[in-house]
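Colleague: Sequence plus predicted model, see below.
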Amino acid sequence: MSDLVIPLIAVLFVVALVAGLVMGTRRRPSAPPRRRAREAPVTRLQTPPVVTEPPREQATAPVELARPSLRDRLGKSRRFFGDRLAEALGGGVDEDTWDDIEAVLIQADIGVETATRITEDLRAEARRGRMGDAAEIRALLADRLVSLFDETHDRALAFSPEPPTVWLIVGVNGTGKTTTIGKLTADLAQRGRTVALAAGDTFRAAADEQLGIWAERSGATLIKHQPGADPGAVAFDAYAHAKARGIDVLLVDTAGRLHTKTPLMEELGKIRRVIERQGRVHEALLVIDATAGQNGLIQAKEFADSVGVTGVALTKLDGTAKGGIALAIETTLGIPIKVIGVGEGIDDLEPFEPKTFVDALLS
């Protein structure tokens, strides 16, 4: 009997072991970790960041900032006139009032002769009893200032009926000449005109690079030579290029100071003659820095005598308290101011209108 017990126990042990293995296999879960691993790729579908996919409304409806008025951009000159006129007229009108007004006009760079003439006119009107209070004096002063600008001047920039129109841009270094060219180019491009720029200032380091930046911004063509090249040759090639391709407007940049023995005015005259052998210069625009005051007037005389200036671009008016230089330029030289620079933005170049300008100064 003992011989049967031992084999029986062994058989039962084997059966139990097999049964346990079978039951363990049945009870084992269907590898949930593996299922989770297989389900993980669902997270790869990510939403694009907002910064790279802005709302459609922002792309189609940009917010346009309101441009400051001319009155605001002439703030320095306006405050200068306003504060000093208020002081001159604050204590009533007497003989000292006229001396004070004359001093204000002279300090504003209108010029001694012009300031004296205006003051005498105001004094004469007061003696006739045609004005008495501060408001009437201000109104008459505004009328006198506007009347000194020649209303017969054509202040529009000239265009040729057949391309290319040629604008020769002149002025000493530092007046904002290159920036003025850039602003003119941008304005022309916005009006649908094709533009070419001639890098005629071959003596100043990086002058053509600065011009190239403006050309790239506005989609204009840039014609340039090697540094130190003959500016007349640049003007010749630029005109030929513009003529052959039917470009609407050619703007010719020029040197404001030479590093050679050739006088500046002689070189500028040569550039003009080179262009006029092929066509015509429709504008010779002199760029004057308003902050230079009477020094700018001296520069203007030199250029007017040598280059045949047809108009003035008066820059940096937003940065000076002496806006009276505009009147001094016209009364002394008889050259019309055609555009004014009133800020650093590409749109801050405006046509000059005497009444609007005077009203902004005295308002």
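Modeller: Sure, I can see it.

Colleague: how far is the helix or strand encompassing Ala313 from where the chain is centred?
Modeller: Following DSSP states H and E, one finds Ala313 within strand 311-315. Counting by Cα atoms, centre = their mean, to the nearest Å, strand 311-315 is centred 14 Å from the centre of its parent chain.

Colleague: same check, this time on stretch 213-222
Modeller: 14 Å.

Colleague: show me the contacts for Arg272.
Modeller: Arg272 sits next to 168, 281, 284, 307-308 when contact means Cβ atoms under 8 Å, 6 or more residues apart in numbering. Where you see a C-beta, it was placed from the backbone N, CA and C, and this is true even at glycine.

Colleague: returning to what we had before: what is the mean pLDDT for the strand holding Ala313?
Modeller: Here strand 311-315 scores 94 as its mean pLDDT.

Colleague: ok, and what's touching the very next helix or strand once past that strand?
Modeller: On the C-terminal side of strand 311-315, the closest following helix or strand by DSSP H and E is helix 325-333. Contacting residues not belonging to helix 325-333 are listed as 109-111, 114, 145, 148-150, 153, 288, 290, 292-294, 296-297, 300-301, 304, 312, 314, 317, 335-337, 340, 352, 357 [Cβ under 8 Å, 6+ apart].

Colleague: Where strands are concerned, which of those count?
Modeller: Cross-referencing the contacts of helix 325-333 against strands under DSSP state E gives 288, 312, 314, 337, 340.

Colleague: Would you point out the most distant pair within these?
Modeller: Farthest-apart pair in these is Ile288 and Ile340; separation 10.2 Å (Cβ to Cβ).

Colleague: where do the contact lists of the two overlap?
Modeller: Overlap of the contact sets of Ile288 and Ile340 (by Cβ under 8 Å, 6+ apart) consists of 313-315.

Colleague: Pull the contacting residues for the closest residue to Trp167 other than its chain neighbours.
Modeller: What sits nearest to Trp167 in space, not counting adjacent residues and going by Cβ to Cβ, 6 or more residues apart in numbering, is Glu283, at 4.3 Å. By Cβ under 8 Å, 6+ apart, the contact list for Glu283 reads 157-158, 165-168, 310-311, 338.

Colleague: tell me which strands and helices the strand holding Ala313 is in contact with?
Modeller: Counting contacts by 3 or more Cβ pairs under 8 Å, 6 or more residues apart in numbering; DSSP states H and E, strand 311-315 packs against helix 177-190, strand 283-289, helix 325-333, strand 337-341.

Colleague: Show me which pair in the contacts of Glu283 is furthest apart.
Modeller: Largest pairwise distance in those, by Cβ to Cβ, is 15.4 Å, between Val166 and Lys338.

Colleague: Looking at those two now, which is surrounded by more residues?
Modeller: More neighbours surround Val166 than the other of Val166 and Lys338, with 28 against 21 (other Cβ atoms under 10 Å).

Colleague: how far off strand 311-315 does the strand or helix carrying the more buried one point, in degrees?
Modeller: Following DSSP H and E, one finds Val166 within strand 165-170. Going by axes from the mean of the first three to the mean of the last three Cα atoms, to 10 degrees, strand 165-170 is angled at 60 degrees with respect to strand 311-315.

Colleague: Buried ones in strand 165-170, by neighbour count?
Modeller: 165-170 (16 or more other Cβ atoms under 10 Å).

Colleague: and the residues you listed, which two are the farthest apart?
Modeller: The span of the buried residues of strand 165-170, defined through Cβ to Cβ, is set by Thr165 and Val170 at 16.6 Å.

Colleague: in the stretch 201-350 of the chain, which segments are predicted with low confidence?
Modeller: Scanning the stretch 201-350 of the chain for pLDDT under 70 picks out the ranges 258-262.

Colleague: returning to what we had before: quick check: neighbours of the strand holding Ala313 in the sheet, parallel or antiparallel?
Modeller: If you go by DSSP bridges, strand 311-315 pairs up with strand 283-289 (parallel), strand 337-341 (parallel).

Colleague: Dump the ones you listed into a markdown table; add distance to Lys224 as well.
Modeller: Putting the strands paired with strand 311-315 into a markdown table (distance: least, Cβ to Cβ, whole Å) gives the following:
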| stretch | distance to Lys224 |
| --- | --- |
| strand 283-289 | 20 |
| strand 337-341 | 24 |
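
Colleague: can you tell which of those is closest to Leu264?
Modeller: strand 283-289 (13.0 Å).

Colleague: Show me how far that closest one is from its chain's centre.
Modeller: The chain centroid and the centroid of strand 283-289 are separated by 16 Å, computed with Cα atoms, centre = their mean.

Colleague: just stretch 149-158 next, same as before
Modeller: On Cα atoms, centre = their mean, the centre of stretch 149-158 falls 23 Å from the chain's centre.

Colleague: Tell me the span between the first and last residue of that stretch.
Modeller: 20 Å (Cα to Cα, to the nearest Å).

Colleague: Show me what that stretch is in contact with.
Modeller: If you take Cβ under 8 Å, 6+ apart as the criterion, stretch 149-158 is touched by 165, 167, 282-283, 285, 310-311, 327, 330, 334, 336-339, 351-354.

Colleague: Comparing Ile288 and Ile340, which shows the higher neighbour count?
Modeller: For Ile288 versus Ile340, neighbours defined as other Cβ under 10 Å are more numerous around Ile288 (28 against 25).

Colleague: Of the shared contacts of Ile288 and Ile340, just the buried ones, PyMOL syntax please.
Modeller: Remark: buried members of these, expressed as a PyMOL selection using 16+ other Cβ under 10 Å:
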select buried, resi 313+314+315
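
Colleague: Between the shared contacts of Ile288 and Ile340, which sits nearest Asp133?
Modeller: For the shared contacts of Ile288 and Ile340, the nearest to Asp133 is Leu314 (32.9 Å; Cβ to Cβ).
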